[in-house]
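**Q** here is the input, now give the coordinates:
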Amino acid sequence: MMAGNELSCFASYHNHTTWSDGTASVEAMLIAAQEAGLGEIGISDHYVLTPYSDEDLNWAMPKAGLEAYVADVQAAARNVDIPVRLGVEVDFFPETFAEAIQRVGEYPFDYLIGGIHFANDFPVDSHPSYWEPLGQQQINSVYQLYWDRVIELAKTGACDIMAHLDLPKKFAFPPTVDLEEQACRAIGTLAEAGMTVEINTNGWNKPCQESYPNEELLRRCRRAGLPVLISADAHETGAVGQYFERAAEQLRGVGYAETVRFEGRSRTCVPMS
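**A** Down below sits the predicted model:
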């Protein structure tokens, strides 16, 4: 992790608490970010309306919990000196996404993160045991469907940030088909939608041992004019600024000189010092 004064030019917006699948309270995460020296911190717990079940998921906030979640973040923000942004990670399912966006739209979020954790009903990043029984053709199909979903999400124009762009690689079950055309089309659609892409440092902790997205996809994002921010995707206090120096070096290496911040769904650029 960078020294605190070196983290001050960065905002970490992709962070989870006990409202979804994190291990720490909102206030504990905010205090950790302040102690790490981050310039801003955002909380973005999972909000999911799945077409496959009416029950609340154990890794997302209760479907009826938005009001209490917002109140908790706002209350905790009053107890720290670091600027706090209110976010949420909205899962994309074609059948339910419009309703999910309508629900979160009733609250004063500073940014919305679009996330894809399922290819239809297949859990892309839940556990390697879901991937292990798949044949190669099935693995290829999951990747192809995932990229289709990224394009569909972007076309809605509903979100500000695209989460972990190449997430299916998480457990290191690679495809054997060429996905370059699909990935390029997805990146172009994200750019047309005016979205920001994150470099998600949590990938370096996973079997794939790469950031999301990898360096080549980041280079394509840069060529497409996609703004970028660094996200830890932290689920515990010790990870709020994890690998930010490594991510910043990778961004500079592909031509980025600035990241972004959000307030009231409005984006501004901040140089990487």
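
**Q** any idea which residue sits dead centre in the chain?
**A** residue 163 (2.9 Å; C-alpha atoms, centre = their mean).

**Q** send me the longest strand anywhere in the chain as CSV with only the CA atoms.
**A** Longest strand in the chain, counting residues (DSSP state E): strand 84-91. Output of strand 84-91 as CSV, limited to C-alpha atoms (Å, rounded to 0.1, in the frame of the first residue of the first chain):
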residue,chain,number,x,y,z
VAL,A,84,-17.5,10.4,1.8
ARG,A,85,-19.5,9.5,-1.4
LEU,A,86,-22.6,7.5,-1.4
GLY,A,87,-22.6,4.7,-4.0
VAL,A,88,-24.2,1.3,-4.7
GLU,A,89,-23.3,-1.6,-7.0
VAL,A,90,-26.3,-2.6,-9.0
ASP,A,91,-26.3,-6.1,-10.5
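
**Q** and the helix or strand following that strand, which residues are buried?
**A** Downstream of strand 84-91, the next assigned helix or strand under DSSP states H and E is helix 97-104. Using 16 or more other C-beta atoms under 10 Å as the test for burial, helix 97-104 gives 97, 100, 101, 103, 104. Where C-beta positions appear, they are placed from N, C-alpha and C, glycine not excepted.

**Q** including pLDDT and distance to residue 143, could the residues you listed go into CSV?
**A** Converted to CSV, the buried residues of helix 97-104 look like this (pLDDT from 0 to 100; distance: C-beta to C-beta, whole Å):
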residue, pLDDT, distance to residue 143
97, 98, 21
100, 98, 24
101, 98, 26
103, 98, 30
104, 98, 28
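
**Q** tally up the residues packed near residue 50, please.
**A** Using other C-beta atoms under 10 Å, residue 50 is surrounded by 19 other residues.

**Q** ok, residue 223 next?
**A** Residue 223 has 14 nearby residues by other C-beta under 10 Å.

**Q** and the gap between it and residue 187?
**A** 9 Å (C-beta to C-beta, to the nearest Å).

**Q** what's the average pLDDT for the longest helix along the chain?
**A** In the chain, assigned by DSSP state H, the helix with the most residues is helix 136-156. Helix 136-156 carries an average pLDDT of 98.

**Q** pull out the buried positions in that helix.
**A** 139-154.

**Q** now residue 139: closest residue in space, sequence neighbours ignored.
**A** Distances taken as C-beta to C-beta, 6 or more residues apart in numbering place residue 173 nearest to residue 139, at 5.4 Å, with adjacent residues excluded.
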